[in-house]
Each structure stands twice: as structure tokens, then as C-alpha cells.
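Visitor: fold the following.
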Amino acid sequence: MRGPCYGASFFHEGQDVPLFPSKSYSDAGEYAADYARAVAQAFATIDSDALRKAADCLEQAVRRKATIFVCGNGGSAAISNHFLCDHMKGVRNGTDFHPKVSSLSTNMEILTAIANDIGYEHVFDFQLSSLAAKHDVLVAISSSGASPNIVGALNWARAHGVTSICMSGFDGGEGRRLADIALHVDAQNYGVVEDVHQSLMHILAQFMRQRHLPDTALMGHLKF
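Guide: From the prediction side, this is the model:
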């Protein structure tokens, strides 16, 4: 069952993306320049319609006082926790808009208890089964889109009326296909994918905040 801000998943079906790095480098500056180009190329593959739908979905969730859950592994866990910070604290700075956000990647005690007693593949869907309600939103972040616990969380969301947004890279994995809204990055380098996901997190939070600033003169002047 789909949630209330359900919209078709949008995939970018672009040409094959070249691998990076594709050669050995002896100069860090040259590597950095090519890395920056790879990030720019990856960023250009994001479907703008999907990004608009993701922003609208989060906005609607806040308006109806739903909870936005976010999760990820490794570097994606760090982005998930940063998502919590920037949406809960950053969006509120200078506005009267108060997102309710919970990171499923932040509590080591519950993560390890579930992983040890039930299985690591259930560390996110088990939490959702205790915390989430119909019409909440799940943001799942996974470079591969194939992590079993991410796929499990997205399947749980689909079955319980929780709208899902998935940030993915590489071929997107099962996560890209399960999500209501797919923010897919066509790139084959984990660092590049994570850098774009981090940027998407900032874009979604800062876009929401600027929409609710009572005075446009405050834009760019308040600490986010």
C-alpha cells in the first residue's frame, strides 16, 4: 500500500557512465580536478522531477505532523544522521516550520541488539515496526541500493502505507525499484555517489527552510 505523497518513481536512463578513476594518478591536483568533474557528471543525472516530488513529499509530511525516518549504512549512515540534524535543527532556524525526523542509524545499542539477536538485515525494519505509522515517510540512503536491511526497510514501508524515498547509485539495486520516489545517481564510485547524496540532503533541507523564512533578507545570513 502506498502512502499519501505517492508518485511514480522516476529513473534516469542515461548513457553508460565512465568509471572513475580509470587510470593511475601521480598528481593529487589532477585527481581532484577529475574527481570534481565526475561529481558534476553524476549530479547531472538526477531526475529533477523526482527531486521536486521528494521535496514536496517531505514538505507534506511536516505539514501533517508525520515523522520522517531516515536510514543508511556506513557513509550513508553518516548522511542519515546529518539529514536528521539539518532537517530538525536547520530548517527550524528562523522559521516556524518544525520537521519531526528520526534516524534509524543513530542508536548503537538498539542496532547491535537487533543485529545480534535477530539479524543485521532487520536493524531498520524492526525499528520501523515499533516507531512508524501509516502516512509517515522513510528516506533510505544506499549507494548500491542493494543492502538487505535497506531493501527490508523499503519493503516494510511499502506494506504499511509509509511513503519511501530512496537515494541510490550504481545500478540502483532493488531499492531504486521499491521506492515510491527514486533519487538515483548514475555513478560507479562510492565517494562520488555519497558526495551527491550529501548534496541532495543539503538541498532538500535548505530548500525547505528558505520556503518558510518570513523575511527573504534572512536568506544566507542565519547559521543553518
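Visitor: quick one: contacts for the closest residue to residue 189 other than its chain neighbours?
Guide: Counting by CB to CB, 6 or more residues apart in numbering, residue 189 lies nearest to residue 20, which is 5.0 Å off, once chain neighbours are set aside. Where C-beta positions appear, they are placed from N, C-alpha and C, glycine not excepted. Residue 20 is in contact with 34-35, 38, 187-189, 192, counting by CB atoms under 8 Å, 6 or more residues apart in numbering.
Visitor: ok, residue 78 next?
Guide: By CB under 8 Å, 6+ apart, the contact set of residue 78 is residue 72.
Visitor: which secondary structure element contains it?
Guide: helix 75-85 (DSSP states H and E).
Visitor: could you say what helices and strands the helix or strand that comes right after that helix packs with?
Guide: Going down the chain from helix 75-85, the next helix or strand is strand 100-103, by DSSP H and E. For strand 100-103, the packing partners by 3 or more CB pairs under 8 Å, 6 or more residues apart in numbering; DSSP states H and E come out as strand 67-72, helix 75-85.
Visitor: strand 100-103 pairs with which strands?
Guide: Strand pairing for strand 100-103, determined by DSSP bridges: strand 67-72 (parallel).
Visitor: would you mind getting the angle between the strand it pairs with and helix 75-85?
Guide: 160 degrees (axes from the mean of the first three to the mean of the last three CA atoms, to 10 degrees).
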